[in-house]
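A.B. asks: I would like to see how this sequence folds:
(one chain, ligands or ions: 1)
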Amino acid sequence: MTERPEHLPHVREATPADLAAAAAWVTTAAECERWAGPDVTFPVKPEAIVRQIEFDAGRNVALEDDDGLVAFGQALPRGGGRVHVARVIVRPDARGRGVGRALVEALIARARESSASLVTLSVYSDNAAAIGLYTGLGFRRSQRPGYDTRSSPSLPMELRVGRWRPEPSGGRALTRSSGALGPGVRS
Ligand SMILES: CC(C)(COP(=O)(O)OP(=O)(O)OC[C@H]1O[C@@H](n2cnc3c(N)ncnc32)[C@H](O)[C@@H]1OP(=O)(O)O)[C@@H](O)C(=O)NCCC(=O)NCCS
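C.D. replies: Modelled structure (predicted):
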């Protein structure tokens, strides 16, 4: 169990300057690929990464602590009630204190706000910290092939955040539920 942050970080919409600051936390090409996938070139160029990660296409979330930006992540709408979580990163000195969990919870909240019923993500299968984070929040290995998994070591995961239930009137209403319905992660 990681230590909880003493003060919960403040959550806000991220700016391109936040993205550039977060990108500076990755110091090698391998770290960059694990964080941002194969489409982002290293060394990261702030003007290029905005386009490479579809910054303007989704919700970009920043967490701030007393020392400034502490985490960054994206919730990207993919249609069909699906939101894809991407580029999750915590400032290196702040890891292991629950910040990553707070960030992904904020991204899931953004997905819920957009009426998504499924949150997906891709994680490198040797990224134990990230897999532990996502599994702890209820994500499970996805059996749906073919989304955002261009890199071979990538493990698709998903979290069901809502489901449709028929209303007595015959219409349809969204009933929120947390927890995953998918099959468990295999090591
Ligand atoms: C992955 C990452 C976001 C985790 O952030 P974090 O703030 O350290 O995570 P938290 O402290 O909130 O930990 C939440 C859970 O993650 C898991 N976890 C965190 N660090 C871990 C580690 N080093 N080893 C194994 N599990 C770990 C644990 O299950 C933990 O739950 P617990 O508190 O019940 O033990 C962070 O390590 C990071 O920024 N990594 C580099 C970028 C990256 O790989 N992003 C993921 C792209 S898919």
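
A.B. asks: The residue lying closest to Asp65 once chain neighbours are set aside: neighbour count?
C.D. replies: Nearest residue to Asp65, sequence neighbours excluded (Cβ to Cβ, 6 or more residues apart in numbering): Pro9, at 4.8 Å. (C-beta placed from N, C-alpha, C; glycine too.) As a burial measure, Pro9 scores 22 neighbours (other Cβ atoms under 10 Å).

A.B. asks: doesn't Glu64 make contact with Pro9?
C.D. replies: Yes - if you go by Cβ atoms under 8 Å, Pro9 and Glu64 touch, sitting 5.8 Å apart.

A.B. asks: Mutual contacts of the two, please.
C.D. replies: Common contacts of Pro9 and Glu64 (Cβ atoms under 8 Å, 6 or more residues apart in numbering): Val70.

A.B. asks: for stretch 158-165, what is the average pLDDT?
C.D. replies: In this model, stretch 158-165 has an average pLDDT of 74.

A.B. asks: Residue of this structure closest to the ligand, please.
C.D. replies: Distances between the chain and the ligand by Cβ to the nearest ligand atom are smallest at Gly100, namely 2.4 Å.

A.B. asks: Pretty sure that residue sits in a strand.
C.D. replies: No - Gly100 sits outside any strand when classified using DSSP: H, G, I helix; E, B strand; the rest coil, being helix.

A.B. asks: check contacts around it.
C.D. replies: Applying Cβ under 8 Å, 6+ apart to Gly100 gives the contacts 71, 88, 90, 129-130, 133.

A.B. asks: Quickly name whichever of those residues is closest to Ala21.
C.D. replies: Nearest to Ala21 among these: Ala71, at 10.8 Å, using Cβ to Cβ.

A.B. asks: Test of understanding: give the bridge partners of the closest one.
C.D. replies: Judged by DSSP bridges, the bridge partners of Ala71 are Leu63, Val90.

A.B. asks: Verify the stated contact: it with Leu103.
C.D. replies: Yes - Ala71 is within contact range of Leu103, at 4.2 Å (criterion: Cβ under 8 Å).

A.B. asks: tell me, what's touching the two both at once?
C.D. replies: With Cβ under 8 Å, 6+ apart as the test, Ala71 and Leu103 both reach 61, 63, 88, 90.

A.B. asks: Read off the pLDDT value for the third one.
C.D. replies: For Val88, the model assigns a pLDDT of 98.

A.B. asks: just to revisit the earlier point, Ala71 and Leu103: which has the busier surroundings?
C.D. replies: A count of neighbours by other Cβ under 10 Å puts Ala71 above the other of Ala71 and Leu103, at 27 against 24.

A.B. asks: which secondary structure element contains the closest residue to Glu13 other than its chain neighbours?
C.D. replies: For Glu13, ignoring the flanking residues on the chain, the nearest one in space by Cβ to Cβ, 6+ apart is Asn60 at 6.4 Å. Element membership of Asn60, judged by DSSP states H and E, is strand 59-65.
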